[in-house]
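**Student:** Sequence first, predicted coordinates after that:
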Amino acid sequence: MLGLLAAGSVFFPGLFFVSKQTLKLLVGWSEADAVVVSTRLVSSLQAVLASSAGCIIASSCGDIMEDRHPLTEAYILFATPYFLYDIYAMFLCHWHKLQVKGHQETHSGGLKAAVPSYLRRELLMVLHHIFMVAFCFPASLLWRRGKGDYFQGVLFLAELSTPSVCLGKVLIQFKKQSSLLHKVNGVIMLATFFGCRVLLFPYLYYAYSRWVTSPMNITHAQAIKQADSSVRCISKN
């Protein structure tokens, strides 16, 4: 457990640093451009890893409640540090954008003065990341008690829309809104967002309702009730 947490804590910030330095030294980009693009790159890679893990997990679970896959908890442990890293990476992006725009707080108060404006702008995303670490992490590892690896895998697939979102932001940063790539990426982004974010939760409810109402589970529930009734009758006698 600690090994995977440590690996994630090193991998995501390390990839960000290597990417930023590479873009600055080999491509000649500014610090601001390198930070923003590196942040998007790490987010996209995390999304690809999560989606790949989700595909493997979901396709391996025949019983959507009882079947387990070792990759489920392994990736949860590995990916959890990403959300803490991303809070910091988003702040760096915000800080450099303020510097480029020449905002007064970047000169008078330094990094500390930029924190309030960062929270005003990215409060929902920061709260989302904190919620993922403080609630979803223990819920996925402990509270579900090994049930529903399939559902966890399908939830990982929600990240499929992230690479196109990140690419769109990078293209906007470099003023490529009129390019064919931006238009094609916009279509992909809408399709993946609708399929993997909007339709995902109704599908999960549908899959669970089918599992609950399947004859096998109804028979199993009836057997439990009959066994419970028999125990009560024996105890009364």
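**Tutor:** Arrived safely, thanks for sending.

**Student:** need the contact list for the residue most central in space within the chain.
**Tutor:** The residue at the geometric middle of the chain, judged as the C-alpha nearest the mean C-alpha position with C-alpha atoms, centre = their mean, is residue 159 (5.8 Å). Under the criterion of C-beta atoms under 8 Å, 6 or more residues apart in numbering, the neighbours of residue 159 are 46, 47, 48, 50, 51, 54, 196. Yep, even glycine has a C-beta here, placed from its N, CA and C like the rest.

**Student:** distance of the last one from residue 29?
**Tutor:** Going back to what we said before, that points to residue 196. In this structure, residue 196 lies at 31 Å from residue 29, with C-beta to C-beta, to the nearest Å as the measure.

**Student:** Kindly report the same for residue 139.
**Tutor:** According to C-beta to C-beta, residue 139 and residue 29 sit 40 Å apart.

**Student:** Specify which residue of these two has the higher count of neighbours.
**Tutor:** When neighbours are counted by other C-beta atoms under 10 Å, residue 139 and residue 29 differ, and residue 29 comes out ahead with 17 against 11.

**Student:** Check which helix or strand that one maps to.
**Tutor:** Following DSSP states H and E, one finds residue 29 outside all helices and strands.

**Student:** just residue 190 next, same as before
**Tutor:** With elements delineated by DSSP H and E, residue 190 resides in helix 180-193, which encompasses its position.

**Student:** got a list of contacts for that helix?
**Tutor:** Contact with helix 180-193 is made by 160, 161, 164, 165, 167, 168, 171, 172, 176, as judged by C-beta under 8 Å, 6+ apart.

**Student:** Let me have those residues in JSON lines, adding secondary structure and neighbour count as columns.
**Tutor:** As requested, the contacts of helix 180-193 are exported to JSON lines (DSSP: H, G, I helix; E, B strand; the rest coil; neighbours: other C-beta atoms under 10 Å):
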{"residue": "160", "secondary structure": "helix", "neighbour count": "22"}
{"residue": "161", "secondary structure": "helix", "neighbour count": "22"}
{"residue": "164", "secondary structure": "helix", "neighbour count": "21"}
{"residue": "165", "secondary structure": "helix", "neighbour count": "18"}
{"residue": "167", "secondary structure": "helix", "neighbour count": "19"}
{"residue": "168", "secondary structure": "helix", "neighbour count": "19"}
{"residue": "171", "secondary structure": "helix", "neighbour count": "18"}
{"residue": "172", "secondary structure": "helix", "neighbour count": "11"}
{"residue": "176", "secondary structure": "coil", "neighbour count": "14"}
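
**Student:** for the residues you listed, which one is nearest residue 6?
**Tutor:** When these are compared for distance to residue 6 (C-beta to C-beta), residue 160 comes out closest, at 27.4 Å.

**Student:** measure the residue lying closest to the closest one once chain neighbours are set aside to residue 82 for me?
**Tutor:** Leaving aside its sequence neighbours, residue 160 sits nearest to residue 196 (C-beta to C-beta, 6 or more residues apart in numbering; 4.4 Å). Distance, residue 196 to residue 82, using C-beta to C-beta: 18 Å.

**Student:** So for the two, which sits in the more crowded spot?
**Tutor:** Summary of the neighbour comparison: residue 196 and residue 82, criterion other C-beta under 10 Å, with residue 82 having more neighbours (24 against 20).

**Student:** Include distance to residue 9 and pLDDT when you put the contacts of helix 180-193 into a markdown table, please.
**Tutor:** Rendered in a markdown table, the data for the contacts of helix 180-193 read as follows (distance: C-beta to C-beta, whole Å; pLDDT from 0 to 100):
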| residue | distance to residue 9 | pLDDT |
| --- | --- | --- |
| 160 | 25 | 93 |
| 161 | 26 | 93 |
| 164 | 27 | 94 |
| 165 | 24 | 94 |
| 167 | 26 | 94 |
| 168 | 29 | 93 |
| 171 | 31 | 92 |
| 172 | 31 | 90 |
| 176 | 34 | 90 |
